[in-house]
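S.K.: take a look and give me a structure for this.
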Amino acid sequence: MFKSIIGSTPFFICLFWFIQYALLYRNSDQAKRMFTWFLATCVVLYFCHMLYFTVGLSHPMECLWTLCSLSVYPLFFAYIYRLTSRPVDSLRLLLILLPGVVVALARLLFPGDGVTIAQKILNALQIVLVAIYGFKLLRAFDKEVADTYADVEGRDTTALKHLLAALVATSVLSVVANFIGKQYFANSDMALLIVMIAFSVMLYSICYICYTRKFTVEQLIDEAGTSEDEEMAEVDGSMSNIGQRIEHLMVDEQYFLIKNLKISDVAKELGLCRTYISNYINQEHGCSFSDYINSMRIEYAKNLLQNTEGTKQIIIAESAGFSSEQSFYRNFRKFTGMTPAEWMKK
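M.R.: Okay, the predicted model is just below:
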């Protein structure tokens with residue numbers, strides 16, 4: 001009874017979230033649609049796990065389990081790709097499933113220890129590749145977001161990077177479990193409990209974070225795509241002192257105080273190309289557009305804190321151009337190493 005309950009927990013978590021995603025499939029963005037397929041694969045995978053710890057698996061079901069276990073990591077990577085990268089043909093993207101299909105067919109046609117070893121090696125290799133290229137895509141996306149928006153909250157992938165790191169750690173546990181063999185866990189209640197709890201918590205966290213995430217590369221493209229007007233502006237901007245114009249707009253006119261400021265707003269105001277503005281900030285100030293704007297906002301907020309004693313910090317945050325008090329606190333600590341209250345005491 002204990003093994004049945006513990007062994008079925010990941011299945012019911014995946015089934016619950018799969019239903020949530022499937023109900024919204026038509027109105028979902030491309031990333032969430034890909035995640036729905038990832039969850040569908042997880043449902044089948046953990047259904048096979050549940051059967052193994054209750055009634056056992058037939059040979060065809062073992063092959064299905066093999067196919068699903070070698071598909072979940074590629075599908076999760078496909079989700080990250082859809083979330084962070086420019087559109088690419090779906091069939092081309094899903095070619096990463098091919099090695100798992102080949103190993104599953106080999107298990108079906110030529111059962112033996114050789115196929116089992118190949119499965120374990122491929123599974124370990126998938127985890128390494130998803131970790132390397134997944135983090136690479138997320139970092140590149142965050143850099144693009146920081147060079148486009150002053151306020152990155154809700155747009156960057158910090159939560160996803162933490163989850164990917166935790167997924168890799170949990171997956172290492174999975175690889176160890178694979179090399180030990182399922183039979184060991186069938187005979188050890190404590191080992192089964194540890195593995196199933198780890199995967200249940202991880203699956204629920206991933207599903208929740210991805211479900212509540214709204215911002216994707218599709219929106220970034222819509223708000224940061226190059227228009228014909230900007231291409232014309234680029235020609236004009238190349239003949240002007242770009243840095244001087246940017247500094248005048250920001251320092252003298254305090255343009256940084258505008259809430260939800262985007263680099264496209266600055267480009268439109270100055271009649272310059274976004275690329276020129278971004279390159280200037282990156283090269284001359286050594287930071288992203290987001291850090292450039294928020295560093296000025298923090299300096300402005302520090303003056304307000306000194307000269308308007310007793311004013312609520314939410315009012316100061318809004319006056320300095322921050323979209324939320326949380327964003328103000330995060331950036332204040334980032335640029336000063338202290339909270340506003342600690343800074344005032346010193």
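S.K.: for the protein, give me the ranges with low pLDDT.
M.R.: The model of the chain has pLDDT under 70 over residues 1-7, 173-192, 224-240, 310.
S.K.: show me the longest helix that occurs in it.
M.R.: Using DSSP state H to define each element, the chain has its longest helix at helix 113-146.
S.K.: mind giving me the packing neighbours of that helix?
M.R.: helix 59-69, helix 72-84, helix 98-109, helix 158-180, helix 217-224, helix 289-307 (3 or more CB pairs under 8 Å, 6 or more residues apart in numbering; DSSP states H and E). Every residue, glycine included, has its C-beta placed from N, CA and C.
S.K.: dump these to CSV, plus distance to residue 250 and mean neighbour count.
M.R.: As requested, the helices and strands packed on helix 113-146 are arranged in CSV below (distance: least, CB to CB, whole Å; neighbours: other CB atoms under 10 Å):
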stretch, distance to residue 250, mean neighbour count
helix 59-69, 53, 19
helix 72-84, 29, 23
helix 98-109, 51, 16
helix 158-180, 26, 16
helix 217-224, 20, 14
helix 289-307, 6, 19
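S.K.: what's the closest of those helices to residue 25?
M.R.: Of all these, it is helix 72-84 that lies closest to residue 25, at 13.8 Å by CB to CB.
S.K.: rewinding a little: buried ones in the longest helix of the chain?
M.R.: Within helix 113-146, the residues scored as buried using 16 or more other CB atoms under 10 Å are 115-116, 118-119, 122-124, 126-127, 130-131, 134-135, 137-138, 141-142, 144-146.
S.K.: next, format the helices and strands packed on helix 113-146 as CSV and append distance to residue 41.
M.R.: Formatted as CSV, the helices and strands packed on helix 113-146 follow (distance: least, CB to CB, whole Å):
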stretch, distance to residue 41
helix 59-69, 5
helix 72-84, 5
helix 98-109, 10
helix 158-180, 15
helix 217-224, 23
helix 289-307, 36
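S.K.: tell me how far residue 144 lies from residue 246.
M.R.: Distance of residue 144 to residue 246, given as CB to CB, to the nearest Å: 20 Å.
S.K.: next: residue 154.
M.R.: 26 Å.
S.K.: those two - which one has more neighbours?
M.R.: residue 246 (22 against 13; other CB atoms under 10 Å).
S.K.: please, which helix or strand holds that one?
M.R.: helix 242-247 (DSSP states H and E).
S.K.: please consider this matter closed, and thank you.
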